[in-house]
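**Q** here is my input; please provide its structure:
(2 chains)
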Amino acid sequence: MSRSSMIRTFRMVFLLAAMLLIAPLAEAIVVAPHHTFLDHRTRSSVIYLHNTATEPEEVSISFVFAYPVSDSAGDVSVVVVEEPTADDPSAAGWIRAYPRRALVAPGETRAVRLLAQPPADLPEGEYWARAVVSSRGTQVPLEEIDTTEVRVGLTLEVRTVVPVTYRNGDVYTGVVFTGADHSLVGDSLAVKVGMQRTGNAAFLGTLHLLLEDASGNAAAEEHRLVAVYHDLLKKVVVPVGDLPTGSYTLHIRVDTERSDLDPANVLPSQALETSLEIQLP
Amino acid sequence: MRESRVPAFLGVFLLFCCFGTPELQAQGGRPGVQPRRDLAFGDVFAGLPKTISPLDPSNSGMYRIQGRRNTEIMLSFSLPINLVSVQGQTLTVDFVFGDAGFSQDQDQAGATPFDPNVPFTVRLNPDGRAYVWLGGTSRPTSGQQASYYEADVVLTATYTGN
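**A** The predicted structure follows:
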């Protein structure tokens, strides 16, 4: 076999392998990045929409003011404020997407530019929005559907909502603990950690839980991303079913490590630590 | 110089296989939701309600959600009360607790039931995947006219950042 035919064979094999590997990952519209940052100097950024489906997707982009909150059980949700007040740090009203609507062909990656047009007297600080990316496949014309019987169908549309942060001037952040407790639920330890943001920007970091036995050996650990926009009560479940009875210390640490974000976009803050003494039955 | 062609191709191949398009990977996670299957009531009979379970393997609506591993996502549905025909006639549909199911893998039979009328926060699996199924009940009246009735169901996946 000649060298060029070997190369062709390699290419075919690898392309087939690539198709097989990528096929299970096929989605409709995927959005990147999962958190977009803009600043007052450039006032723009780009998000990418990629259609890996086999049909064209109609996509539209809008913005809302929203941020994560939690309930007394430590469960997190995102509240959408339909009509932000003057006190709300909303950027939803002055960030635009260009284009706002697009038809994304199969396999196509479309760049959408976000442009901010904030008020001229915008105070220093951080402002929040959520980009709502709505997508749906092209529709089957109704004329093609048999209507001699009662037929019922629901068409699924999806929206992917990702955070957008706008920073103006001196922005800083931090958190303080507002409480920490635990309870045993079945064979797991349910830990709730309360945090309140300081500064003028959302705290984006990681909550680390390390359970040590009486000898100081690590028995279990969990790590969770946290986004504290105002206050957050975060529940983390730590499996402890395999651990022997005894006394343990749960070390709780929150810092600004974010493996999922560009470090340039993560505001640094001093790490915070506390601990709980725990008795496992 | 020719020796470098295969390694270069391998490099591009590995980049493409492991990370997708360079633009997307350079930006970090790739959130997305894919409707895999529409919720289909099919033929219904006037005066007879018809329920589709979220566990129905062929008629339930199905979504696949992706993102970064272990990412927390709030799922919320926007559900219709009525379906509408091209002639403007309506047909009632409703959704109650248990008409939606969630699973971190494709285990439809073992899906965790939830109420699609209420936001539901979940966590993606370590591969960054999750699945949601949707059922519901259509309630044609005794005088329901033959036609095709349809409406949109919207699933919103909101990344909490946690």
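
**Q** break chain B into its domains for me.
**A** Using automatic domain parsing, the domain parsing of chain B gives B:1-28, B:31-159.

**Q** tell me which stretches of chain B form helices.
**A** B:5-19, B:22-26 (DSSP state H).

**Q** quick one, what contacts the nearest residue to residue B:93 once chain neighbours are set aside?
**A** Nearest in space to residue B:93, with sequence neighbours left out and distances taken as CB to CB, 6 or more residues apart in numbering or on different chains, is residue B:138 at 4.9 Å. (Glycine included, C-beta is placed from N, CA and C.) Contacts here follow CB atoms under 8 Å, 6 or more residues apart in numbering or on different chains; on that basis residue B:138 touches A:152, B:41, B:44, B:49, B:50, B:83, B:91, B:92, B:93.

**Q** make it 6 Å
**A** Residue B:138 makes contact with A:152, B:41, B:44, B:50, B:93, according to CB atoms under 6 Å, 6 or more residues apart in numbering or on different chains.

**Q** leaving out chain neighbours, which residue sits closest to the spatially most central residue of chain B?
**A** By CA atoms, centre = their mean, chain B has its centre lying nearest to residue B:63, at 2.0 Å. Nearest in space to residue B:63, with sequence neighbours left out and distances taken as CB to CB, 6+ apart, is residue B:132 at 4.5 Å.

**Q** count of neighbours near whatever residue of the stretch 101-250 of chain A ends up closest to chain B?
**A** Residue nearest to chain B within the stretch 101-250 of chain A (CB to the nearest CB): residue A:227, separated by 3.1 Å. Per other CB atoms under 10 Å in any protein chain shown, the neighbour tally for residue A:227 reads 23.

**Q** which SS state does it fall under?
**A** For residue A:227, the secondary-structure state derived from DSSP: H, G, I helix; E, B strand; the rest coil is strand.

**Q** quick one, strands of chain B?
**A** Per DSSP state E, chain B carries strands over the ranges B:32-37, B:39-43, B:50-52, B:61-66, B:72-78, B:82-85, B:90-94, B:100-103, B:112-114, B:120-123, B:129-134, B:136-139, B:147-159.

**Q** circling back: ok, of the helices of chain B, where does mean pLDDT dip lowest?
**A** When the helices of chain B are ranked by mean pLDDT, helix B:5-19 comes last with a mean of 38.

**Q** my read: the residue of the stretch 101-250 of chain A closest to chain B touches residue B:161, true?
**A** Yes - if you go by CB atoms under 6 Å, residue A:227 and residue B:161 touch, sitting 3.1 Å apart.

**Q** so what sits against both of those two?
**A** By CB under 6 Å, 6+ apart, residue A:227 and residue B:161 have these common neighbours: residue A:68.

**Q** return the helix or strand in chain B with minimum mean pLDDT.
**A** helix B:5-19 (a mean of 38; mean pLDDT, DSSP states H and E).

**Q** quick revisit: give me every residue that touches the residue nearest to the centre of chain B.
**A** Contact analysis of residue B:63 by CB under 6 Å, 6+ apart lists B:33, B:35, B:132, B:155.

**Q** then residue B:154?
**A** The neighbourhood of residue B:154, defined by CB under 6 Å, 6+ apart, consists of A:157, B:78.

**Q** check it and give its pLDDT.
**A** 93.

**Q** what's the answer for residue A:151, then?
**A** pLDDT at residue A:151 comes out at 81.

**Q** what's the helix or strand for it?
**A** strand A:150-168 (DSSP states H and E).

**Q** ok, the helix or strand following that strand: who's next to it in the sheet?
**A** Per DSSP H and E, the first helix or strand lying C-terminal to strand A:150-168 is strand A:173-185. Take DSSP bridges as the rule and strand A:173-185 pairs in its sheet with strand A:188-199 (antiparallel).

**Q** how far does the strand it pairs with sit from the chain's center?
**A** On the basis of CA atoms, centre = their mean, to the nearest Å, strand A:188-199 sits 18 Å off its chain's mean C-alpha point.

**Q** likewise for stretch A:67-80?
**A** 14 Å.

**Q** not counting that stretch itself, show me its contacts.
**A** With CB under 6 Å, 6+ apart as the test, stretch A:67-80 has contacts from A:64, A:66, A:128, A:192, A:227, A:229, A:232-235, B:74, B:119, B:121, B:158, B:160-162.

**Q** now the contacts of residue B:63 as TSV including distance to residue B:148 and neighbour count?
**A** Formatted as TSV, the contacts of residue B:63 follow (distance: CB to CB, whole Å; neighbours: other CB atoms under 10 Å in any protein chain shown):
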residue	distance to residue B:148	neighbour count
B:33	26	30
B:35	19	23
B:132	25	27
B:155	22	23
